[in-house]
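Novice: need a structure here:
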Amino acid sequence: MTGRRKHRRPFAVLGSVRLGDIRARAGRSARGFTLVEVLVVLGLLGVLMGIGAGMISRLGRGNVLIQTTYSLASQLATARARAYGPSTARVEITADEDGEVTLRAYRSRSVFTWLCEGFDSASEDVLKSVGAVEISTDSLGNREGRYAIFAKGGQVSLGSPPWLAFRDGFTLRCRVRPAQLSGTLKLISRGPGFTIALVPAGEGRFDIEAKIRLDKDPGNEKDTGGDCVLRTGLNGATPVPEWSGPLLGGRWAEIQITYDRSALQIHVNDRLRGRRADKRGPIQLRNEPFVIGDGYQGDFDSLTIGGIFEDDDDRYSVPGSVQWVDGSGKVHSNAKATVHFRNRRLDPRFHPTAARFLFRLDTGEEQGPRRLVVVRRSGESAVMLPDEDDPAEDEDGEEEEGN
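Specialist: Next comes the predicted model:
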């Protein structure tokens, strides 16, 4: 039948495949991997994981170095911002005998104010008057308003509250108008180890004499301890005649006395009139009352007391993998460096040029990764590679490591 259409069997193709071929193919696919193939793959994975772990470890340690330098730069920036007006601030970098490094920040903070408008006008309710002390009834002759009048035997006690335990330094500011007398006038005291007195200098003038007793910190070889006594008219042991007798009996003057574990200074009407920097150490404070008067005769006004305290929140312990080194690569141990700020700049009394600090990642090699922290004379800090050019270097001049 020639016109008839021929239909193919739909499963004819399966009939052309033998049952033995299907079983052979199934056997080959079920065979899996040999032990050698598995070991080779595992070995390759181990190598790749080792390389990756090493890279991650190096990256993490490098981040620790960067974190350390930026933590220091952040502390420096914060200290600079806090050092305005009469306030000062400093950052200390210390290394123990094992080379472990710690960063600490200190700043001055007002703890007590008495405007002398009355015995209840203080920032803390601690004032106790004894003897001949009274508040003036008018403000004539005093720009600040009323003031306290001390006669012979009069005194005001603040007691010994914990906020007066400023072992790391202090700032004391007040206005006085001493009586025209010939004897020494004890202005402020806290036991025999902390006194501020007015000493006759002739022709109706007075010098200011400050005495503080210092301890010796066994962890700081630069601390001397002992009594630090300073009188106006002296810069260290060198007399400065124009600094002598800054107070005139019967006239108002503003005095400021500061100590920051590096120098004791006396300012009168915002001008330096005495400085001593050869005695250092924490202030020795016993549980004795802080007394105004007790030998002073004259007028007194606007007392502000500020203590220098460590900011516990700003303390940073540098990881052991980061070393503080000098320019030659030597690791610092039993060392300390301090950056001082005043008027939001590096304090030129301690830093005639910029300060610099070099940190290195401990990789077991002398040429490990390094980062440099530079503090310019303007007070600004920067983190850079040691070989980078500082754009402010020409302005700052030669850089030096901190004091």
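Novice: ok, now which ones touch the closest residue to I208 other than its chain neighbours?
Specialist: For I208, ignoring the flanking residues on the chain, the nearest one in space by C-beta to C-beta, 6 or more residues apart in numbering is T232 at 4.9 Å. C-beta here means a position set from N, CA and C on the backbone, and glycine is covered the same way. Listed by C-beta atoms under 8 Å, 6 or more residues apart in numbering, the contact set of T232 reads 207-209, 243-246, 266, 268, 273-274.
Novice: against T195, how distant is T232?
Specialist: Distance, T232 to T195, using C-beta to C-beta, to the nearest Å: 15 Å.
Novice: now do R345
Specialist: Note on R345: its distance to T195, by C-beta to C-beta, is 32 Å.
Novice: which one of those two has more residues nearby?
Specialist: T195 (20 against 16; other C-beta atoms under 10 Å).
Novice: list the buried ones in stretch 75-86?
Specialist: The neighbour-count criterion (16 or more other C-beta atoms under 10 Å) identifies 75-76, 78-80, 82-83, 86 as the buried residues of stretch 75-86.
Novice: out of those residues, flag the one nearest to K222.
Specialist: A79 (19.9 Å; C-beta to C-beta).
Novice: correct me if wrong: the closest one contacts F341.
Specialist: Yes - under the criterion of C-beta atoms under 8 Å, A79 makes contact with F341 at 5.2 Å.
Novice: residue closest to the middle of the chain?
Specialist: Centroid check for the chain by C-alpha atoms, centre = their mean gives A105 as the closest residue, at 1.9 Å.
Novice: what's the helix or strand for that one?
Specialist: For A105, the element it lies in under DSSP states H and E is strand 101-114.
Novice: buried sites along that strand?
Specialist: For strand 101-114, the neighbour count (16+ other C-beta under 10 Å) marks 101, 103-109, 111-112, 114 as buried.
Novice: now distance to F150 too, for those residues, in a markdown table please.
Specialist: Below are the buried residues of strand 101-114 laid out as a markdown table (distance: C-beta to C-beta, whole Å):
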| residue | distance to F150 |
| --- | --- |
| V101 | 50 |
| L103 | 45 |
| R104 | 40 |
| A105 | 38 |
| Y106 | 33 |
| R107 | 32 |
| S108 | 27 |
| R109 | 28 |
| V111 | 23 |
| F112 | 18 |
| W114 | 13 |
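Novice: tell me the one of these nearest L35?
Specialist: For those, the minimum distance to L35 (C-beta to C-beta) is 52.7 Å, reached by V101.
Novice: in the chain, which spans are helices?
Specialist: Using DSSP state H, the helices of the chain run over 12-15, 19-29, 35-82, 393-396.
Novice: worst mean pLDDT among those helices?
Specialist: Note on the helices of the chain: helix 12-15 shows the lowest mean pLDDT, a mean of 46.
Novice: is D299 bridged to anything, and to what?
Specialist: Counting by DSSP bridges, D299 is bridged to I149, R177.
Novice: quick one on the thing from earlier: from K279, how far out is the residue nearest to I208?
Specialist: Distance, T232 to K279, by C-beta to C-beta: 17 Å.
Novice: check F206 too.
Specialist: F206 sits at a distance of 23 Å from K279 (criterion: C-beta to C-beta).
Novice: mind checking which of these two has more residues around it?
Specialist: F206 (26 against 20).
Novice: go ahead and confirm the more buried one touches S182.
Specialist: No - contact criterion C-beta under 8 Å: F206 and S182 do not qualify, at 10.3 Å.
Novice: which residues are common contacts for those two?
Specialist: Shared contacts of F206 and S182, counting by C-beta under 8 Å, 6+ apart, come down to P200.
Novice: how many residues are close by K336?
Specialist: Other residues near K336 come to 19 when the count uses other C-beta under 10 Å.
Novice: actually S378, sorry about that
Specialist: S378 has 14 nearby residues by other C-beta under 10 Å.
Novice: and the spatially closest residue to G118 that is not a sequence neighbour, how far is that from L187?
Specialist: In space, G118 comes closest to I135 once its chain neighbours are excluded; the distance is 5.6 Å by C-beta to C-beta, 6+ apart. Look at I135 and L187: by C-beta to C-beta, they are 18 Å apart.
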